[in-house]
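Trainee: take this sequence and fold it.
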Amino acid sequence: MSDLPEIQADAPLFSICLPTFDRNELLRQTLDSILSQTFGSFEVIIGNNNPDGALTQEILGVNDARVRIINHPTNLGQLANLNYLLTFVRGRYVTCIADDDFYAPDFFEAVNDAVTKHDFPPCVFTAYDLHYGLARPNLKKTFSGETSLYSGAEFLRKYLLGEIKAIGIMGMFDIDFLKGIGGIEDVSADGMGIYVEYMLLIRAGLLEKVVHISDPLMYYRIHEGAWGVANTDLERYFRAGENLVLRSAELLSGESGGDHFPTLLLIFNLTLKQLLYKTGSQNLSIDVRLMLHKLNEALITNSSATGIAPLQAGIDIIGLLLQQFADAETGRIFKEGEIRTLKADCNTKDKEISSLKADCDTKDAEINSLKSAYDKDTRFLQGICEEREKVIFQLDERVRFLERTNLIGKVLVKVRSLFLGVMASTKAWLGPLFYPRMGVLRQYPPRELVLPTHYQSARAAEPLPSISIVTPSYNQAVFLERTIQSVKDQGYENLEYIVQDGGSSDASVDVLERFGGFLTHWQSGKDNGQTHAINLGFAHAHGEIMAYLNSDDILLPGVLHYVADFFSRNSDVDVVYGHRILIDENDWEIGRWVLPPHDDQVLSWADFIPQETLFWRRRVWEEIGGSLDESFHFAMDWDLLLRLRDAGAKFVRLPRFIAAFRVHSQQKTSVEIGDVGFKEMTRLRERCHGRPVSDVEIRRAVAPYMLRHVFYDKLQRFFPS
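Mentor: From the prediction side, this is the model:
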């Protein structure tokens, strides 16, 4: 009858009983809300009432030992299903949830806080919100930390008067208490479970203490297929309401002392409102007066068991309630109350929307103003540049003429002086506005690196895609530990991190041994250079997303979750990169590179993409051969980008700072760019264009891209991301 996977040896604190019938998509949403809880000591027991559709964890898209599934050979009905699931409970506390409802992420965390704080009471209830429709909810933590302790009678009275919100069946009950009252009681007498939630609340009203959390930590979904919406059998609701009042009277009369008749009136009031809601929302009708008299007769007949005197039952109920609901057949009173509440909510939302619209209008005006100034400045700068090119051309022509007349020495001195004077004056007044920061490694004195707080909280949707990162290293012990720590601090669970050391003679091996438990693989031995080391590292990698991080650079907080989330939501994107922060030997910030959106064409002329921010999918890596070209020792990242582009990969520049590039005297970039670097860059440009290209051609080709960089750099300073 059941498919019970192996479960953990230690009993959990909480058990969740989850009855279901043929609603797998909504059930997955419910399970998602449970398995993403911030408190993890729980088990989930699913009772499947559909004999023609057996469930497995694979069908539901989960793989969690805390989830057990029981497939019933016949449909037991909802209530019998729940009571059967109670026999499998292992937790100290148990709750129930329908297969279309869901929890806030901190539901169990809040309940654990409540039971611990109040010495493990028999039951805990939380408030709830309504969720309309079938769309997947956007869940967020809502617990404020506040809990309230009541006597059972006080709790029940506040609930019946509408002062607090709760759903009885979704309360958290001590399992011994629930078993002690015989499980979940059916007052509908036909197994349908109508009003079972009220019966549990009334049972709670008999306890010495009940804990309530006023924060909405669970969500009741309203949709056409919901059981409470689809069921329009008013006769069943009437019979269940009659049984609820009689059973409540019987339970309340068993308590010593006190007048329980006012409470009973409130319970009857509750059932009447349910009927009125049904008549109003489903365009049905019912003779409320006849219902009142039937209930009156039932109370008189059972007066000895309920403790309600016939006169009291006959006069007070008819007099108090019939007059209160004189026009109840239309459901107007109940519906008007709902309408007033909805109107108030709409007014609040309208104010919020107006405020947001005003903020958006202000931002739009600021952006338009900035763009207008940028366009004006750009046109002016383009004019200056055109004039400068004319002057340079004329000077070049003059120089060639003077060379032919053997007067080059004296004229060169004069030309140089004139040219430097023009450039110095131009830079002096245009530089602060238009001078590009991209390409400049030290832009300002060192200052503390400060990032937005939301960088720390970036999370990716489950399941997390696997990521492989390779770090090549050689005699970089002074920075290697900070590089590894920046990856470890990401807290990304589905990560392969591989370090390939070239046989360092410093303390690098000591650092690697200290982080051995975190690293997926590391090796220290002679290699043929950085590119060869990266290929050796990737030979041990299997991740869906790939990257390499040099041993003197660092990842910024939250990057791996951010990148994984972007790739998960954009399946057509193959390669991503982002903005770069420049740091010195002491991790102090000395500059920033803000990149404009990706431009495939400019990649043929220059590589502005910060390598340490680059991530790509394994599928496109394998399409280009699955390795870096080891004939490159400096520009292997540019070669990789060109091969990815030529293979049809889709690139996206992410609007976020991804990593920090360290500027120091011994870095490979600074040492090699003047030697092999320029040769390799020339080789790549000739491969792209089929011929040698001049510096003038390069400057002209990248000029529009640099102008866009200046604009986005200024935009980033106004609106940091």
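Trainee: what ranges does the stretch 451-600 of the chain have for its helices?
Mentor: Ranges of helices in the stretch 451-600 of the chain, per DSSP state H, counting those that start in this stretch, are 477-488, 508-514, 530-538, 559-569.
Trainee: state the mean pLDDT of the first one.
Mentor: Going back to what we said before, that points to helix 477-488. Mean per-residue pLDDT for helix 477-488: 96.
Trainee: and for Asn494, the neighbour number?
Mentor: Residues near Asn494, counting by other C-beta atoms under 10 Å, number 15. To be clear about C-beta, it is placed using only N, CA and C from the backbone, and glycine gets the same treatment.
Trainee: just to revisit the earlier point, let's have the helices of the stretch 451-600 of the chain in CSV, adding mean neighbour count and distance to Phe107.
Mentor: Shown next, in CSV, are the helices of the stretch 451-600 of the chain (neighbours: other C-beta atoms under 10 Å; distance: least, C-beta to C-beta, whole Å):
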stretch, mean neighbour count, distance to Phe107
helix 477-488, 20, 30
helix 508-514, 18, 40
helix 530-538, 22, 43
helix 559-569, 20, 23
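Trainee: so which of those comes closest to Ser188?
Mentor: Evaluated over these, closeness to Ser188 peaks at helix 559-569, with 44.9 Å, by C-beta to C-beta.
Trainee: which residue ranges of the stretch 101-250 of the chain form helices?
Mentor: Under DSSP H, counting those that start in this stretch, the stretch 101-250 of the chain gives helices at 107-117, 152-160, 175-180, 196-204, 227-230, 234-253.
Trainee: of all these, which one is nearest Asp637?
Mentor: Judged by C-beta to C-beta, the one of these that comes nearest to Asp637 is helix 107-117, at 44.2 Å.
Trainee: elements contacting the closest one?
Mentor: Where contact means 3 or more C-beta pairs under 8 Å, 6 or more residues apart in numbering; DSSP states H and E, helix 107-117 is packed against strand 14-20, strand 123-132, strand 210-222.
Trainee: ok, now with 10 Å
Mentor: When contacts are defined as 3 or more C-beta pairs under 10 Å, 6 or more residues apart in numbering; DSSP states H and E, helix 107-117 sits against strand 14-20, helix 24-35, strand 42-48, strand 93-96, strand 123-132, strand 148-150, strand 172-174, strand 210-222.
Trainee: tell me who's in contact with the closest residue to Glu197 other than its chain neighbours.
Mentor: Spatial nearest neighbour of Glu197, chain neighbours left out: Gly168 (3.4 Å); criterion: C-beta to C-beta, 6 or more residues apart in numbering. Contact analysis of Gly168 by C-beta atoms under 10 Å, 6 or more residues apart in numbering lists 96, 123, 125, 159, 184, 195-204.
Trainee: burial count for Leu200?
Mentor: By other C-beta under 10 Å, the residues close to Leu200 number 24.
Trainee: report the contact partners of it.
Mentor: 96, 123, 125, 166-171, 173, 178, 181, 184-185.
Trainee: separation between Ser568 and Glu544?
Mentor: 10 Å (C-beta to C-beta, to the nearest Å).
Trainee: what do the two both touch?
Mentor: Common neighbours of Ser568 and Glu544 (C-beta under 10 Å, 6+ apart) are 464-465.
Trainee: now do the helix or strand Thr682 falls within: everything it contacts.
Mentor: Thr682 is part of helix 678-689, with elements assigned from DSSP states H and E. For helix 678-689, contacts defined as C-beta under 10 Å, 6+ apart pick out 603-607, 631-636, 638-639, 641-642, 645-646, 672-673, 691-693, 697-698, 701.
Trainee: state the distance from the residue most central in space within the chain to Pro105.
Mentor: Nearest to the mean C-alpha position of the chain, by C-alpha atoms, centre = their mean, lies Arg459 at 5.3 Å. The gap separating Arg459 from Pro105 is 11 Å, by C-beta to C-beta.
Trainee: list residues touching both of these two?
Mentor: Ser36.
Trainee: state the distance from the residue lying closest to Ile202 once chain neighbours are set aside to Leu200.
Mentor: Nearest residue to Ile202 in three dimensions, chain neighbours excluded: Ser248, at 5.2 Å (C-beta to C-beta, 6+ apart). According to C-beta to C-beta, Ser248 stands 12 Å off from Leu200.
Trainee: what's the answer for Asn368, then?
Mentor: From Asn368 to Leu200 the distance is 59 Å (C-beta to C-beta).
Trainee: what's the answer for Trp638, then?
Mentor: Taking C-beta to C-beta as the measure, Trp638 falls 67 Å from Leu200.
Trainee: cool, and Thr38?
Mentor: Counting by C-beta to C-beta, the gap from Thr38 to Leu200 is 26 Å.
Trainee: same check, this time on His72
Mentor: From His72 to Leu200 the distance is 23 Å (C-beta to C-beta).
Trainee: try Ser354
Mentor: Taken as C-beta to C-beta, the span from Ser354 to Leu200 is 43 Å.
Trainee: same thing with Thr613?
Mentor: 55 Å.
Trainee: that older thread, show me which of the contacts of helix 678-689 are buried.
Mentor: Buried members of the contacts of helix 678-689, counted by 16 or more other C-beta atoms under 10 Å: 603-607, 632-636, 638-639, 641-642, 645, 672, 693, 701.
Trainee: tell me which element Leu82 is part of?
Mentor: For Leu82, the element it lies in under DSSP H and E is helix 78-86.
Trainee: same check, this time on Leu370
Mentor: helix 332-404.
Trainee: now that helix: mean pLDDT?
Mentor: 68.
Trainee: try stretch 176-183
Mentor: 90.
Trainee: what comes up buried for that stretch?
Mentor: Buried, per 16+ other C-beta under 10 Å, within stretch 176-183: 177-178.
Trainee: mind exporting it as CSV, just the C-alpha atoms?
Mentor: Coordinates of each C-alpha in stretch 176-183 appear next as CSV, following Å, rounded to 0.1, in the frame of the first residue of the first chain:
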residue,chain,number,x,y,z
ASP,A,176,-0.2,12.8,22.1
PHE,A,177,-2.9,15.5,22.4
LEU,A,178,-4.3,14.7,19.0
LYS,A,179,-4.2,11.0,19.5
GLY,A,180,-5.8,11.5,23.0
ILE,A,181,-8.9,13.1,21.4
GLY,A,182,-9.2,10.3,18.9
GLY,A,183,-7.6,12.0,15.9
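Trainee: which residues touch it?
Mentor: Here stretch 176-183 makes contact (C-beta under 10 Å, 6+ apart) with 79, 82-84, 86-87, 89, 92-96, 121-123, 171, 173-174, 184, 199-200, 203-204, 206-207, 251.
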